[in-house]
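Chemist: below is the structure, and that's it, no one-letter string:
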């Protein structure tokens with residue numbers, strides 16, 4: 001997972017693909033929000049052992 005927030009240009013293009021055209025101020029707010037969340041998610045990812053199943057997720061087993 002990337003630690004850096006995407007550029008304003010990337011956010012603008014991603015929003016446009018969804019038919020949304022936010023202001024530069026809105027995009028800057030999203031960029032600020034992501035600049036806090038993405039590094040935290042990366043850290044969490046490194047703390048979680050590979051193959052860990054998310055809580056509450058049904059995982060089928062071979063036996064009934």
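Modeler: That came through, no problem. Quantities reported herein were computed from a predicted structural model and do not represent experimental measurements. Numbers count the residues shown, from 1 in each chain.
Chemist: what mean pLDDT does stretch 14-26 have?
Modeler: For stretch 14-26, mean pLDDT is 97.
Chemist: could you do stretch 39-56 as well?
Modeler: If you average the per-residue pLDDT over stretch 39-56, you get 85.
Chemist: list the buried residues of the helix ranked longest in the chain.
Modeler: With secondary structure taken from DSSP state H, the chain has its longest helix at helix 24-47. By neighbour count on 16 or more other C-beta atoms under 10 Å, the buried set for helix 24-47 is 27, 30-31, 34, 38. C-beta here means a position set from N, CA and C on the backbone, and glycine is covered the same way.
Chemist: could the residues you listed go into CSV alongside distance to residue 61?
Modeler: Shown next, in CSV, are the buried residues of helix 24-47 (distance: C-beta to C-beta, whole Å):
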residue, distance to residue 61
27, 45
30, 41
31, 43
34, 37
38, 34
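Chemist: quick one: which of those residues is nearest to residue 8?
Modeler: Closest approach between these and residue 8, by C-beta to C-beta: residue 27, at 5.0 Å.
Chemist: surely that closest one is in contact with residue 12?
Modeler: Yes - using C-beta atoms under 8 Å, residue 27 is in contact with residue 12, at 6.0 Å.
Chemist: thank you kindly, that will do.
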